[in-house]
Every structure is written in structure tokens, then in C-alpha cells.
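Trainee: quick one, structure for this:
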Amino acid sequence: MSSFSSLPIPSPLADAIALRGYENATPVQVAVLEERCQGHDLLVSSQTGSGKTLAFGVLLAQTLLDAHTTAGTADKRGRKPTGLVIAPTRELANQVRSELAWLFAKTRMQVAAFTGGSDIHRDIKLLSRGADLVVGTPGRLVDLLKREALALDAIQVAVLDEADEMLDMGFREDLETLLGAAAGRKRTHMFSATLPRPILQMASRYQGEAVRVDAHVEGDGGAHTDIEYAAHVVNFDDRLAAVVNVLRMHAGQKAIVFGTTREGVANLHQALARHGFRAVVLSGDRAQGERNRAIEALKSNEAQVLVATNVAARGLDLPEVDLVLHADLPLNAESLTHRSGRTGRAGRKGRSVIIADPAERRKAERLLSIAKAKFVWTPAPTAEAIAEAGRRRLEEELLAAKLPDDAEEARGLANRLLKDHKKEELLEVLLGREMARCPRGEPLRPVDPKYLVRAPRAMPDLPPRRTHSDFEQDAVAFRVNLGTADKAEPGWILPLVCRRGGITRNEVGAIRVGQNFTEFQIAGDAAQDFALAAARPDPRAPHVVIESSNSGGAARTDPPRERDTRPTRPARPPQQDRGFQAPRRREGGSDHPRKPRWDNNGGAAPRPRAPDDRAPQSSRPAGRDEGPRPERKHFQNDFARKPRPSFDKPKGEWKKRR
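Mentor: Below is the predicted model of the structure:
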């Protein structure tokens, strides 16, 4: 490890770090201060909780201290900010402001945070007093920029913290607006736990010759070494019971339970409260005061379990989290990394537990393999295992307990009880009362052992795309009740099938769209899991039904039609092909065929008309010259050709009428 004293850190910041008691720097803090990074924009990839805030704080100081010293004699009131830090959530922005405040304490630079949920008039007043370093969420910063309360034309350096999460949250336009307003900046640094393609595209657009820094602890960029991963497969209806059992198996530990949606998180929080857990909830729709109370309750040990969504849990300053429980599978491997990064921080060991049903097993394997996490499928903790764990904890607590020095009352009570009762009886009664207080598990149905075995596919690297011949050998045909009548196309049938079945496009073969349904092929090794997953009702599209096809071979494009037993008309004789024929011109009419008129005959054949020997009449009105019509300009009529009447009046006529 490298010590802070050996790193090129400005002296005011080095003194603040020494007063804080920090001695050794983390890998990301050492990496950003290497000689190859000096004077360049940085694109940094580092694990969550690795000390990125202190790292980019030093980078900010390298650019801002000289400018701040030069402008030290100027009036501080109303001065424009020179540093900008953008964070995805309110909690992370406030945490960054707190860290930078003590880091820049000896520089006399003013650090201010602006986040949603706070009084915007207070923010405007604070900006009018002047701020050197601005930290905020994208939405509030853009709001202040549009109100002309925030000026970014003097920004020298900008930092995007958790850039990948901000793009996932839909802040791309806000980020482009802020970076566009700070066009005069010298440096742009991006920090993120992962570097997906959208981040690289934004870096190529807003950074100049950026240096990539990979500061993961492992050389291969694998999962966090301080986090132990576990994967439990449960039946479809046992997810809540499995969550309860995992929490009770690790009773006494601080845990975060992740859900995907706000509604699901709220329902899960209520269910855990009914089971006796001291739980708080955190989601994006909660008021800022409620969010602050939830975090304080968790820090003060008033609550042991935090139920949260991905976005709400970003940036939480909770270093003592022992367990991360994924009640719902994350959407991608990046979300899995960010969720699990809430534990295993500051040198502590952590545990990340994933719960999946048989239909989600393949998706969970894919996510864990992309994240390079070592795991083994195991059943969820049973009631018997939880009871045994409770007995072991009780035994450890009793052996480690010691009587206090002022335990005279306890000794006196023990002596009185021992006169009339045996030691064994008293011990059994006391242990029975303590064991009754131990957590009890929920009943779980046994899981088929075949779901506890890893899939035979090589998961770390995606296999090559299956060819048509591969699907013909072992493909299984399925059917969905959407066809051309529903405007179905293979382009949007494919993602629907992948989402409902928990598979990738690599397991989907030919897709044939028919009139009333669509048939598609699923690879044989994934067909059974796909059938289980697709059979579950989808709340987002309850009318869509996916079932196994009975054809067994090539998929049909149209459903079989019932035989029509009604009498048919005799076939018309084939007409001679005369090639292209110009439309016949009706005498006295136009080239276009006559439109059918309304039938007043009730559907019967039209009445025959008497022969008429009159000459065909022209469509022009009678009494007009049959010669050629004069050419007219567009939008011109006969009234325009007539002289307009004069409305002139003698002088003074209009005044008299007034």
C-alpha cells in the first residue's frame, strides 16, 4: 500500500487528510495520481466504496487551487463556481459535499450542494452569496441553470460521479445541458463502477484524449473480493418466505433488501414489518424528510433492514452493511455490481444473496457470470436450519457472557431459587425462554434437485450464435397468440419472448408470423425452463399467452381453417389475358371509374332500366358554350373576375354617422 505522504497531494489537502487519521491510500487514489494521468481527462472505473470521492477531490484541487489563490482578493459575494460535481441521487450528492467540505477546509473554498427535494429559493439565495465548488443532482442543477441563478461559464473542472447510473436513470439530456453550459472547462473526469458503451460514447464526445484508469482490486476486473455471493433457487410462490428466512438466518446483521419497482418495495416493506422486522423503506417517491429519517434509523440501529430500489440506495453512507439481499433480480450485471457494492466496504466482509425461481435461474447465472462472481446454487434456509443457527448463537452468547461486578441481586436470587429447585430444572426453564425468543423460519416447499445444478453452458463467454441446422436438430416449437392481425412483427416478438422466458436471443430460432398467432423455436436445452417462465401471468400484458405448439415440426404460418360446407357458385370462365389495358373513357365524363352509389334496393339486384335512345348529355350545365373552357389560375373563381362594387363615400359622410 502507498501512504498519502508519498503522493503528490496539495499541502492543504494533505494536512486535512492527516488530521482525519488516514494513512494509506486506496488503489483508485494511487492510480489517478500517477504521472501518466497528470494534465489529462480521466475515465476511471473502480468498485463502489473504494474511495473515489477523495480521489476526485484531489483532482479538483490540482486544477482549482491556483485559480482560487489568484482570485482570493476579489469580492467573494456573487462569485461564479469554478468546480462542478454531478451525482445521480440526493444522498450521494450530500455525501460528496460532506467529504469535500472537510477535504477543502483549509483552502477556504466554499462547497455547496443543490439537490431535489430542498427549497429552491434557498438554493438561489445560497448561489447569490457565492460558491467555489458546486455539487448537485442533474435535475436541480438544470433547474437553477434555466432560472439563471447558476452560471457555469467559469467552470474549470467537472466531475461526473457514478456516470453509468445517471445514464440509466435517464439524465443524458440534463448532463449534455450542463456540460454544454460549462464549455470553457479545462478538465472533465468521469468516475463509475462500470464502463458500458453509453459511458464510452459520452466520454469520446465530452473528453479530450482521456486516459482510462482501471482501479479494480483484481487484475481481471472481477467481482469484489470482500463480498461472498450466494444463490438460492425457490419455488414460484415462496419468494417472500425465502426473503424472511434469509434475514432470520442472519439475524442481528444490518441488511439491505433490493426490489425493482417502487410498488414492489412498498409491499415488501409492509410484509417484513408484519413478520416482526425493524425495517424502513427508501424509494424515489418518498419525501426527503422521510428518506433522511430512514437513513438515520438505520445508522442508529433503530432499524436493521432497509428495503430500497436500485436508484434510492445509490450513494448511501452505510459502511456497516453486512448483507445485501436481491429479492428481485437486477436488470443487468452493472446493477448487480452496484447493489452488491453496498456491502464489503472499508475492509469489512460482506455477503450478497440472490433469490431466483426456476424460470429466472438461467438469467441469474448469466448476470453472476458476467460480473465474474463465484457462486453455487443452494436451497433457501429452511426452518430447521434457522432454528439450529439460533441455538448456536445462543450458546455462543452464553459462553461469552460475564456477570458484572455489581451482580449481587442476581446472585441472591440464584441462591434462593437453588434452595427449593434443582439446577437442571432452572437451567431448562431459562434456556426454554431464551430459545422461544430465537427467530423461526417460514415453511418452504422442496425444490427439484435439477435446478440446483449449474447449466451445462459456458457462462463467462457467450456461445456463438446457433445456426439454422442446430435449431432443426433439437428445437422446440412454441406459439404466442399475436399475429399480423395484431400488427405483430419479428422485431418486437423477439424481445417479448426473451423477457417472458428469461432467455437471450441466442436461444431463439426462426420466428414465423401468422394471421392470428406467431410460432417460434426455442433451443432444446432451454425449452423446459422457458416453458415454466412463459406460463406465468405477465401483469404488463395479461392478454399475451405463450404455449407449446402441437406441430412438432416446421411452424405453420396460418391456423388451419374449418371446411366450408356451404354451396358454392360455379367458377367463372378464365378471361383472356390482354396485357395492360388503358382505362376506357366514358363519353362526356372523366377517366376515373364511377363511384358506387348508395343501394336503396335492400341488397337485391338493381332494377333494369328502360332503353333510352337519348344522346349522352354533357356534364356541363345547359346554356353554356360547349367550346373549350378558358384556362384559370388556381383558387380563382368567377366572382373574382367581376368588378368589385365601390364603397367610396363623400368626404365627411363617415364622420356624420359616428
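Trainee: CA only for contacts and neighbour counts going forward, please
Mentor: Will do.
Trainee: please name the nearest non-neighbouring residue to Leu100.
Mentor: Distance criterion C-alpha to C-alpha, 6 or more residues apart in numbering; nearest residue to Leu100, sequence neighbours excluded, is Gly57 at 6.4 Å.
Trainee: now the host helix or strand of that neighbour, how far from the chain's geometric center?
Mentor: In this assignment (DSSP states H and E), Gly57 forms part of helix 52-70. Relative to its chain's centre, helix 52-70 lies at 32 Å (C-alpha atoms, centre = their mean, to the nearest Å).
Trainee: and the next helix or strand past that helix?
Mentor: Past helix 52-70, the next helix or strand by DSSP H and E is strand 83-86.
Trainee: ok, and what's touching that following strand?
Mentor: Strand 83-86 is contacted from outside by 60, 64, 93, 132-138, 155-161, using C-alpha atoms under 8 Å, 6 or more residues apart in numbering.
Trainee: could you rerun that using 6 Å?
Mentor: Leu133, Val134, Val135, Gly136, Thr137, Ile155, Val157, Ala158, Val159, Leu160 (C-alpha atoms under 6 Å, 6 or more residues apart in numbering).
Trainee: between those, which is closest to Asn516?
Mentor: Distance ranking of the contacts of strand 83-86 against Asn516, using C-alpha to C-alpha, places Thr137 first at 48.4 Å.
Trainee: now do stretch 303-311: distance to the chain's middle.
Mentor: 16 Å.
Trainee: and for that stretch, what's in contact with it?
Mentor: Residues from elsewhere that reach stretch 303-311 (C-alpha under 6 Å, 6+ apart): 254-260, 278-283, 297.
Trainee: buried set for it?
Mentor: Under the neighbour-count criterion of 16 or more other C-alpha atoms under 10 Å, stretch 303-311 has Ala303, Gln304, Val305, Leu306, Val307, Ala308, Thr309, Asn310, Val311 buried.
Trainee: what mean pLDDT does the helix holding Gly57 get?
Mentor: The average pLDDT within helix 52-70 is 81.
Trainee: which residues does that helix contact?
Mentor: Helix 52-70 has contacts (C-alpha under 6 Å, 6+ apart) with Gln29.
Trainee: swap in stretch 324-335?
Mentor: Under C-alpha under 6 Å, 6+ apart, the answer for stretch 324-335 is Ala255, Ile256, Val257, Phe258, Gly259, Leu336, Ser352, Val353, Ile354, Ile355, Leu367, Ala371.
Trainee: give me the subset of those residues lying in helices.
Mentor: Leu336, Leu367 (DSSP state H).
Trainee: export the helix or strand hosting Ala510 to CSV, keeping only CA atoms.
Mentor: Taking DSSP H and E as the definition, Ala510 sits inside strand 508-513. Taking C-alpha atoms only, strand 508-513 is exported to CSV below (Å, rounded to 0.1, in the frame of the first residue of the first chain):
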residue,chain,number,x,y,z
VAL,A,508,-34.5,-18.2,-30.1
GLY,A,509,-34.6,-19.7,-33.6
ALA,A,510,-37.0,-19.0,-36.5
ILE,A,511,-39.9,-16.7,-35.9
ARG,A,512,-42.9,-17.1,-38.3
VAL,A,513,-45.7,-14.6,-38.0
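Trainee: can you list the strands that it pairs with?
Mentor: strand 518-522 (antiparallel) (DSSP bridges).
Trainee: quick one: the partner strand to chain centroid distance?
Mentor: Distance of strand 518-522 from the chain centroid (C-alpha atoms, centre = their mean) equals 29 Å.
Trainee: Trp492: how many residues sit nearby?
Mentor: Here the number of neighbours of Trp492 (other C-alpha atoms under 10 Å) works out to 9.
Trainee: name the residues of the helix or strand encompassing it that are buried.
Mentor: Element membership for Trp492, per DSSP H and E: helix 490-501. Buried residues in helix 490-501, counting neighbours by 16+ other C-alpha under 10 Å, are found at Ile493, Leu494, Val497, Cys498, Arg500, Gly501.
Trainee: and the two most separated of those residues?
Mentor: Greatest spatial distance in the buried residues of helix 490-501: Ile493 and Gly501, 12.1 Å, computed using C-alpha to C-alpha.
Trainee: Asn310 versus the residue nearest the centre of the chain, what's the distance?
Mentor: Taking C-alpha atoms, centre = their mean, the centroid of the chain lies closest to Asp168, which sits 5.6 Å from it. Asp168 sits at a distance of 11 Å from Asn310 (criterion: C-alpha to C-alpha, to the nearest Å).
Trainee: next: Arg500.
Mentor: According to C-alpha to C-alpha, Arg500 and Asn310 sit 22 Å apart.
Trainee: same question for His121.
Mentor: Using C-alpha to C-alpha, one gets 30 Å for the distance from His121 to Asn310.
Trainee: can I get the helix holding Gly57 as PDB, trimmed to CA atoms?
Mentor: Taking Å, rounded to 0.1, in the frame of the first residue of the first chain, the C-alpha atoms of helix 52-70 are listed here in PDB:
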ATOM      1  CA  LYS A  52     -13.400   7.600  -5.300                       C
ATOM      2  CA  THR A  53     -14.700  10.800  -3.600                       C
ATOM      3  CA  LEU A  54     -11.300  11.500  -2.100                       C
ATOM      4  CA  ALA A  55      -9.600  10.600  -5.400                       C
ATOM      5  CA  PHE A  56     -11.500  13.200  -7.500                       C
ATOM      6  CA  GLY A  57     -11.300  15.700  -4.600                       C
ATOM      7  CA  VAL A  58      -7.600  15.700  -5.100                       C
ATOM      8  CA  LEU A  59      -8.000  16.100  -8.900                       C
ATOM      9  CA  LEU A  60     -10.300  19.100  -8.300                       C
ATOM     10  CA  ALA A  61      -7.800  20.700  -6.000                       C
ATOM     11  CA  GLN A  62      -5.000  20.300  -8.600                       C
ATOM     12  CA  THR A  63      -7.000  22.500 -11.100                       C
ATOM     13  CA  LEU A  64      -8.800  24.800  -8.800                       C
ATOM     14  CA  LEU A  65      -6.300  25.900  -6.100                       C
ATOM     15  CA  ASP A  66      -4.200  28.100  -8.400                       C
ATOM     16  CA  ALA A  67      -7.300  29.900  -9.700                       C
ATOM     17  CA  HIS A  68      -8.700  30.300  -6.200                       C
ATOM     18  CA  THR A  69      -5.500  31.800  -4.900                       C
ATOM     19  CA  THR A  70      -5.400  34.300  -7.800                       C
END
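Trainee: can you point out the buried residues in it?
Mentor: Per 16+ other C-alpha under 10 Å, helix 52-70 contains these buried residues: 52-65, 68.
Trainee: and which of the residues you listed is nearest Ala380?
Mentor: Nearest member of the buried residues of helix 52-70 to Ala380, counting by C-alpha to C-alpha, is Lys52, at 35.4 Å.
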